[in-house]
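Peer 1: turn this into a structure:
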Amino acid sequence: MHADKQCSLTPDSSYVELAVEVFAMLADATRIRIILALRDQEFSVNHLADIVDKPAPAVSQHLAKLRLARIVVTRQEGTRVFYRLANEHARQLVADAIYQAEHSLSTDPAHHRGAHPAPEQTR
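Peer 2: Residues are numbered from 1 along each chain as shown. Next comes the predicted model:
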């Protein structure tokens, strides 16, 4: 799907303020790590806590914020709740931010050398 054909990507877009809120939501290292962990699969809070090396209650609070922002969604199985990304855009946004960070440290970043796989193209 070509979201750029349906949303205005001009400076006067009505989505600019909402985009700022998305960036503010992602301005946290734990949340970025959670999104990276959820790139290709779903996890429970405890499993995510192990992956991001943070206490489960803290991860749960981050997930609640990401859920309110509609970046993650849940699936319940019995008493366990599993989290996954709501769509491919958060995955792409975080991947692009990581790639931009690589550019700030190197003129020949790893993603240009094929050192790690390129994410799915969503544009």
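Peer 1: under the pLDDT cut-off, which ranges of this protein? List them.
Peer 2: Regions of the chain meeting the criterion pLDDT under 70 cover residues 1-6, 106-123.
Peer 1: roughly how far does the residue of it positioned farthest from its centre sit from residue 17?
Peer 2: Note on the chain: the largest C-alpha distance from the chain mean falls to residue 78, namely 26.3 Å (Cα atoms, centre = their mean). Going from residue 78 to residue 17 by Cβ to Cβ, to the nearest Å gives 40 Å. Where C-beta positions appear, they are placed from N, C-alpha and C, glycine not excepted.
Peer 1: got it, and residue 73?
Peer 2: Counting by Cβ to Cβ, the separation of residue 73 from residue 17 is 23 Å.
Peer 1: same check on residue 95?
Peer 2: Residue 95 is 24 Å from residue 17, by Cβ to Cβ.
Peer 1: looking at the two, which has the bigger crowd around it?
Peer 2: residue 95 (20 against 8; other Cβ atoms under 10 Å).
Peer 1: before we move on, which element is the more buried one in?
Peer 2: Per DSSP states H and E: residue 95 is located in helix 88-105.
Peer 1: pretty sure residue 26 contacts residue 98?
Peer 2: No: using Cβ atoms under 8 Å, residue 26 is not in contact with residue 98, being 11.4 Å away.
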